[in-house]
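**Q** The following comprises the amino acid sequence and a computationally predicted model.
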Amino acid sequence: MSISSSSARQQLLASRYAPHRAGLSLDDRVVELARILTEQGYMAEDLFPGTTVAWN
């Protein structure tokens, strides 16, 4: 995959899933991103379910 097609794919995915992330807290956006990536076949998972991560 070329850099331009990779960039185009990233832009497409970002625009497609932006409504799913709108208004969510950072923690919830991370969970939503893991869900989206899992749907796409990536093996994303919540390693610490039920915990709140302190983001610096």
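**A** Looks like it came in fine. Numbering: from 1, shown residues only.

**Q** What strand or helix carries the residue lying closest to residue 20 once chain neighbours are set aside?
**A** Nearest residue to residue 20, sequence neighbours excluded (C-beta to C-beta, 6 or more residues apart in numbering): residue 32, at 5.7 Å. Any C-beta I mention is one placed from the backbone N, CA and C, and that applies to glycine too. Assigned by DSSP states H and E, residue 32 belongs to helix 26-39.

**Q** residues of that helix that come out buried?
**A** Under the neighbour-count criterion of 16 or more other C-beta atoms under 10 Å, helix 26-39 has 30, 33-34, 36 buried.

**Q** Go through these and say which is closest to residue 8.
**A** residue 36 (17.8 Å; C-beta to C-beta).

**Q** So that closest one sits against residue 19, correct?
**A** No. Contact criterion C-beta atoms under 8 Å: residue 36 and residue 19 do not qualify, at 11.7 Å.

**Q** could you check the distance from the residue nearest to residue 20 over to residue 23?
**A** Relative to residue 23, residue 32 is positioned 11 Å away (C-beta to C-beta, to the nearest Å).
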